[in-house]
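[1] With the input below, show me the fold.
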Amino acid sequence: MSLAWTLRRLRSMEPGEIVYRMRQWTQSSVERLGIGLAPRAVVVAADTIPPSPQVEVHLDPALYCRHADEILSGRFRIFALQPAQLGFPPRWNRDPKTGVVAPLSFGKTLNYRDDRLVGNIKYLWEPNRHLELVTLAQAWHLSRDDRYAEGCRTLLESWFEQCPYPKGPTWTSSLELGIRLVNWAYAWRLLGGTSCSLFSDDEGEAFMQRWLTSICQHSHFIAGHLSRYSSANNHLLGELLGLFVASTTWPLWRESAGWREQARAEFEREALLQNGADGVNREQGIWYHHEVADMMLIAGLSGRAHGVEFGEDFWRRLEAMLEFIASMMDVGGNVPAIGDSDDAVIIRYCPDDQFNVYRSLLATGAVLFNRGDFRAKAIEFDDKSRWLLGDAGADRFNSIRPAVLSAPVKTSFPEGGYYILGSEFETVREVRIVADAGPLGYLSIAAHGHADALSLTVSASGQPILIDPGTYAYHTEQQWRDYFRGTRAHNTICVDGQEQSVSGGKFLWTEHASCRCEEFESTSATDCFVASHDGYLRLSDPVHHRRRLAYDKRMQTLDVVDSIRCRGQHRVEIMWHYHPDCVVSVAGDKAVARRGIAQLTLSWPAMLTGELYFGSEVPLMGWASPRFDSKYPCFTLVVAGTISGAWEGCTRLEISPS
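    Okay, here's the model as predicted:
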């Protein structure tokens, strides 16, 4: 990390965080000397694991065995590497993308942000979360083929040997340990706990002791290194989730009861803090909204299975989060890619490539909350929901009458800052417009937020047309990281080539644009949304941007009226990013986009000039990233010009869904 980055980060810290980080540094320094590490006592297992839900009906064993066979042959699914040939067992400290092997130095002082040292840390960490362990355990559970259980042992034994506590990149981030513990717990349950045949002889007993010892070390590590400040977002929730699930699944140590109660109480408190009463996750990232909802679901159901219940407010907040997903989802099952996304899941319950994480949450929610609207949006009871709730859950799902939907569950999310306009919802002629007037992100660094104030997306006939282009990169490729999270990668206005908010690093914003919804009204004939932001008031000649959306439901037209208040001369650019499947042509002051049966005609203000980009690298423009670390050319229309003093311009969108 550079000195400049460190100074910027220090300026963003509160005094309490500085004190906390000094204590953490001191603790890590002491642990490096071997003081304060987890005890090495041998444990004796007492199996308190509840029986797994009955899931024998309607699951396809061949699907799970096929994916388990791929794992045993050394093929792992990791982001853009589909599949990655890692070998079985893999080299756990090797980045599968770059081939860099990270050193086995003391984990807490290993600089995992240095790609010269560790490679692409996201790629290194992903297989170490042990999602594949669950797939192997599922295949064994459904087939009783001992090859898959033996594969579980081989995977774990190799990991214990190559990743000794507390050394190397697998012992740096408490979040990674937390997610690994959750996967271990679920695999342990599927394999049958202490009754598993893997533990039946002396060698198996020794293997079980090694596994349990590592679980104790993981729990001790997490409890001592919780993310209290800048990463007190989904990272803290994931850490607490791992500690909670481990201490309920394996209550074997004198610290277990304390860990369980601490993790339960803090997880519940953080779940209510990190998600608004309107159900929107405060990180302003739709994928992270899904991940946090999944964490809450796993925590709640795991606790319930062990007789540890979360409060009513917790479950109501989860239900509200699912309402948000249902509202944002178009008739085709798509949700906008707002904010950061790394495609990560907590547990890979279903290895099917067509698995829809959002519909799945709604299917589970339909059963938990008896919601016919969730049932209608989910359409079917998926494999993940069946693993969680069993065949009894499927029966309950099928007994719920689907609601007849003619509008989103909700159209206004004032805390999260999202508003939904449109017409003929849940039909082939649906138009669904999502307007963004939300904050930049959560906490002072807003790590996963994008500079997307007053952006909008448009879906027609269940097909995204105007999109949020996505994320693409995290720790590496700074130029692309900056582009995809920047203002010019969103359907909003950029002034003088500047970002609405000021970046201080890959996961740090030092100045935040503040956005405010001034009006939102919906009638049978029209929808109206008005909002503004102050991100450009920092310019030497302050600029204030207000945007008004007026949607005519009969004509299916959207007027986007941008108002700029300033005194001097400025260059304004209005960006319009199209889905990669769109074909776009420009003639005069109009752009026509076609995707399947849908068409969108965009007319821009006469004084501005439109230019169409497709996969341009100079300048960076015309790219979409539907998955982490994958990008594809797409059409992007940039409508630009120079204004002098106050200005107002109207862009008209004529939407033809079918």
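[2] Flag the shaky bits of the chain, pLDDT-wise.
    Along the chain, the model assigns pLDDT under 70 to residues 1-36, 40-57.
[3] Let's see that with 50 instead.
    Counting by pLDDT under 50, the chain contains low-confidence ranges at 1, 5.
[4] Can you give the domain ranges for it?
    The chain breaks down by automatic domain parsing into domains covering 10-226, 412-656.
[5] quick one: S143 and C65 touch, right?
    Yes: shown here, S143 and C65 form a contact pair, counting by Cβ atoms under 8 Å, at 5.6 Å. Yep, even glycine has a C-beta here, placed from its N, CA and C like the rest.
[6] who has more neighbours, these two?
    C65 (20 against 15; other Cβ atoms under 10 Å).
[7] Check the gap between the closest residue to that one other than its chain neighbours and R189 for me.
    Of all residues not flanking C65 in the chain, A139 sits nearest, at 4.8 Å (Cβ to Cβ, 6 or more residues apart in numbering). The gap separating A139 from R189 is 15 Å, by Cβ to Cβ, to the nearest Å.
[8] same check, this time on E126
    22 Å.
[9] what do you get for G311?
    25 Å.
[10] Of these two, which one has the most company?
    Just comparing G311 and R189: by other Cβ under 10 Å the higher neighbour count belongs to R189, 19 against 10.
[11] isn't the residue nearest to C65 right next to L63, touching?
    No: contact criterion Cβ under 8 Å: A139 and L63 do not qualify, at 9.2 Å.
[12] neighbour count winner among these two?
    The neighbour count for A139 versus L63, taken as other Cβ under 10 Å, is higher for A139 (29 against 17).
[13] what helices or strands is the helix or strand that that one is a member of leaning on?
    In the assignment (DSSP states H and E), A139 maps to helix 131-143. Counting contacts by 3 or more Cβ pairs under 8 Å, 6 or more residues apart in numbering; DSSP states H and E, helix 131-143 packs against helix 61-72, helix 146-162, helix 174-191.
[14] CSV please, covering these and showing distance to Q85.
    What follows is those, written out as CSV (distance: least, Cβ to Cβ, whole Å):
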stretch, distance to Q85
helix 61-72, 10
helix 146-162, 16
helix 174-191, 22
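[15] So which of these is the most surrounded?
    Neighbour counts averaged per stretch over these are highest for helix 174-191, at a mean of 25; criterion: mean count of other Cβ atoms under 10 Å.
[16] for the helix holding A139, the distance to its chain's centre please.
    What separates the centre of helix 131-143 from the centre of its chain is 24 Å, taken as Cα atoms, centre = their mean, to the nearest Å.
[17] Show residues contacting the helix or strand harbouring S563.
    Secondary structure assigned from DSSP H and E places S563 in strand 557-565. Outside of strand 557-565, the residues within contact range by Cβ atoms under 8 Å, 6 or more residues apart in numbering are 421, 433, 456, 458, 493, 495, 543-552, 570, 572, 574, 643, 646-655.
[18] Look at stretch 413-431 and report the distance between its end residues.
    19 Å (Cα to Cα, to the nearest Å).
[19] distance between it and the chain's centre?
    21 Å.
[20] Quick check: buried residues in that stretch?
    Buried residues in stretch 413-431, counted by 16 or more other Cβ atoms under 10 Å: 413, 416-426, 429-431.
[21] What is the nearest of these to G462?
    Ranked by distance to G462 (Cβ to Cβ), the buried residues of stretch 413-431 are led by E430 at 6.3 Å.
[22] Verify the stated contact: the closest one with I420.
    No: using Cβ under 8 Å, E430 is not in contact with I420; the gap is 11.4 Å.
[23] ok, now how distant is the residue sitting furthest away from the middle of the chain from Q209?
    The C-alpha centroid of the chain is most remote from D202, which lies 42.5 Å away (Cα atoms, centre = their mean). Using Cβ to Cβ, D202 is found at 11 Å from Q209.
[24] And for I222?
    Applying Cβ to Cβ, the value for I222 to Q209 is 21 Å.
[25] out of the two, which sits in the busier spot?
    Each of I222 and Q209 has its neighbours counted (other Cβ under 10 Å); I222 has more, 24 against 15.
[26] For the more buried one, grab phi and psi.
    phi -60, psi -50 (degrees, to the nearest 10).
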